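Asks: With the sequence up front, the predicted model follows.
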Amino acid sequence: MRKLLSILGFLLIVLSVQLITPEKYHDVSYTWLALHVIHPVQTFLGIKNKCLSSCFINASLLEQKLKAGLPLWAAQQINNDLQSFSTLTSTALDNYFTQNTNAHNQLVHIKIRNKKIKLIKSPIIKYPGALEIIIDVIQYLAKNNLIPDTDFILGLEDYLIANTIVNQSIPLFTFAKDIARPIEKNFILVPDWMNIIQAFINREFAEKNTTYYAWHEKKPILFWRGGMLDSTGFRSKLVNYASQVPHRIDAKFAVAPNHNSNTNNITSNYVPLPAQLAYRYFISIDGKRCTWDRLVWQLQSNSLVFKPESSQIQWFYGGIKAERHYLSIKSLNDILPTIDWAELHPTEVQTIIQNANRFARENLQLEDFYLYYLVLLQAYSKKLILNS
């Protein structure tokens, strides 16, 4: 009963936000709401087993997906990530973690025994909310007997700084990696905390986005807003290029409203998601590593996604294909000709958009994220020997 009341309270808050400012509904950070509303309410009600995303899991749907099995691309990604490791021991993980609790990678050691979780972490965790979101997933799976006893080490940063990691025989879980860097190739990909916690909002977003703008109402412009972290340099190049062709490309770095900057031609305030849907073309550009939840919601946006070629990947990248789910871009010089092509080929464009929507609907829902953790940890645990 208390769990039900906490969930109802949360939904009422979201509903009130939607009723008061419907145009800003999808700007509400579910991460903020989950950590600052759901958890405090659950604590007030004395609920010991708190939940974040697990509050919204459709157990029946998860069971159906488990019976159907992972799609081939996901099974292959897990197999590829695990194939470099033979027999592992929990003692080896203990020893490694003790020696490598470096501050930047924000490593955490998660142990599951008899449905209970023991967490070993650095004294200072920069992203406690991110950790809570991941632990919520693991607790749900363990509590429901979906994963065995196991140990694993996870990095909470955008990606793992490989030069601080010396033992390639130890599996490390991460949210993104660059497969062009040999030292990163053996990292094990998992769904990131941002996609997990935004899944509830994204589900609502996908159901409603067609009500914002029809295709013919959208501006034939490529749109991008994002942070200044730019591991490939493509973000900076695009923003500078856009200032030369503002009638074709609207790309700027998003900054806080009170940000003091003399670069107004390349920066702007954050643009709400519904306002972004007024544009026909989006581009997904790597930040530190990949784009986390950006590409996931873009695939559900009913706009056409452009994606520069990159060796950086997240767990689901094996399932999306260039020219089927998005259009691949090799350089800045490709952008305007690609927009021109899209304007002249509306039928082909709508096919790509429908393929992207379908992929997200069938593979990038909350239950899919949980299923990926479930199958991965089951396969991983078969390689792990738990020492006393």
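Replies: It's in. Numbers count the residues shown, from 1 in each chain.

Asks: How about the contacts made by Asp57?
Replies: Just to correct that, residue 57 is Ile rather than Asp. Residues in contact with Ile57 (C-beta atoms under 8 Å, 6 or more residues apart in numbering) are Tyr140, Leu366, Glu367, Tyr370. Backbone N, C-alpha and C define where each C-beta goes, glycine included.

Asks: Compare those and tell me which is most surrounded.
Replies: Tyr370 (27 neighbours; other C-beta atoms under 10 Å).

Asks: pLDDT value on Leu52, please?
Replies: We have a pLDDT of 87 for Leu52.

Asks: can you tell me which of the contacts of Ile57 are in helices?
Replies: Counting by DSSP state H, the contacts of Ile57 place Tyr140, Leu366, Glu367, Tyr370 in helices.

Asks: pLDDT below threshold where in the stretch 101-250 of the chain?
Replies: Under the criterion pLDDT under 70, the flagged ranges of the stretch 101-250 of the chain are 101-103, 162-167.

Asks: sec struct for Val375, please.
Replies: Going by DSSP: H, G, I helix; E, B strand; the rest coil, the secondary structure assigned to Val375 is helix.

Asks: Surely it touches Ala75?
Replies: Yes: under the criterion of C-beta atoms under 8 Å, Val375 makes contact with Ala75 at 7.5 Å.

Asks: neighbour-wise, which of the two wins?
Replies: Taking other C-beta under 10 Å, Val375 and Ala75 do not tie; Val375 has more neighbours (19 against 16).

Asks: can you pull the contacts of Leu277?
Replies: Per C-beta under 8 Å, 6+ apart, neighbours of Leu277: Asn209, Tyr212, Tyr213, Lys218, Ser301, Asn302, Ser303.

Asks: hmm, 6 Å instead?
Replies: Asn209, Tyr212, Tyr213 (C-beta atoms under 6 Å, 6 or more residues apart in numbering).

Asks: Ile283 now?
Replies: Counting by C-beta under 6 Å, 6+ apart, Ile283 has contacts Leu222, Trp224, Phe306.

Asks: Out of the residues you listed, who's the most crowded?
Replies: Leu222 (26 neighbours).

Asks: Using the three-state scheme, assign that residue.
Replies: For Leu222, the assignment made with three-state DSSP gives strand.

Asks: That one - nearest residue in space that isn't next to it in sequence?
Replies: Closest residue to Leu222 apart from its sequence neighbours, by C-beta to C-beta, 6 or more residues apart in numbering: Tyr281 at 4.2 Å.

Asks: Gln139 now?
Replies: Nearest one to Gln139, counting by C-beta to C-beta, 6+ apart, is Ile117 at 6.0 Å.

Asks: Could you verify that the one you found is part of a strand?
Replies: Yes: using three-state DSSP, the assignment for Ile117 is a strand.

Asks: Show me this structure divided up by domain.
Replies: With domains defined by automatic domain parsing, the chain comprises 2-50, 71-192+367-385, 205-313+317-363.

Asks: I'd like those domains written out as a markdown table, with distance to Ile57 added.
Replies: Shown next, in a markdown table, are those (distance: least, C-beta to C-beta, whole Å):
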| stretch | distance to Ile57 |
| --- | --- |
| domain 2-50 | 12 |
| domain 71-192+367-385 | 6 |
| domain 205-313+317-363 | 16 |
